[in-house]
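> Sequence first, then the predicted structure:
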Amino acid sequence: MHKPFSDILQAEGRTPTDTYRLSHQLGRFLLLGLVSALMDVGLLTALVEWAQWHYLAATAISFLCANTFNYGISRNWVFMAGKFRRGFEYTGFIVASALGLSIHQVVMLLLVDEGHFDYRLSKMICISIIASWNFITRKYLVFTR
């Protein structure tokens, strides 16, 4: 049977607050972000280069796949599951991600079409911009206790 992470911490004599300090969360968020970014850029590149998708359509799909993966890990490893039921929490996660995706798409369009940057470099710039948005919305809106 699956035990909540908070129960495991309490069994070890620790509290969720001990494990989920801001510096600890930020470190884990950055590590998970790196893995998610590699997934995001890898899928983007595969869709553009091998499947011949337009870079904006491929960006949306790779972003959503990487963010769904990120949600699953974030929920128990970076942040603690929040006060909301899982379905509502995931919906909040996706809404916050969709707003981030909107910003992401505009920046991609500006960098690639207007600035003539390579789409992969543009993707990395977008990821670095959206990372702050993601941390703040996930910590204070989605996984809030």
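Arrived safely, thanks for sending.

> residues in contact with residue 138?
Going by C-beta atoms under 8 Å, 6 or more residues apart in numbering, residue 138 touches 29, 74, 78-79, 93, 96. Glycine gets a C-beta too; all of them are placed from N, C-alpha and C.

> can you do 10 Å?
25, 29, 70-71, 74-75, 78-79, 82, 92-93, 96-97, 144 (C-beta atoms under 10 Å, 6 or more residues apart in numbering).

> now those residues: which count as buried?
With burial judged by 16 or more other C-beta atoms under 10 Å, the buried subset of the contacts of residue 138 is 25, 29, 70-71, 74-75, 78-79, 82, 92-93, 96-97.

> Just the ones in helices from these, please.
For these, membership in helices holds for 25, 29, 70-71, 92-93, 96-97, with DSSP state H as the criterion.

> Residue 140: which of those residues is nearest?
Of all these, residue 140 sits closest to residue 96, with 10.1 Å by C-beta to C-beta.

> Quick one: residues contacting that closest one.
Contact analysis of residue 96 by C-beta under 10 Å, 6+ apart lists 67, 133-134, 136-138, 141-142.

> between those, which is nearest residue 40?
Sorting the contacts of residue 96 by how near they are to residue 40, with C-beta to C-beta, puts residue 67 at the top with 8.3 Å.

> Sticking with the closest one, tell me its helix or strand.
Applying DSSP states H and E as the criterion places residue 67 in helix 55-73.

> One more: residue 129?
Here residue 129, judged by DSSP H and E, is contained in helix 119-137.

> in that helix, what counts as buried?
119, 122-123, 125-127, 130-131, 134-135, 137.

> Now do residue 32 against residue 76, distance only.
As defined by C-beta to C-beta, to the nearest Å, residue 32 lies at a distance of 11 Å from residue 76.
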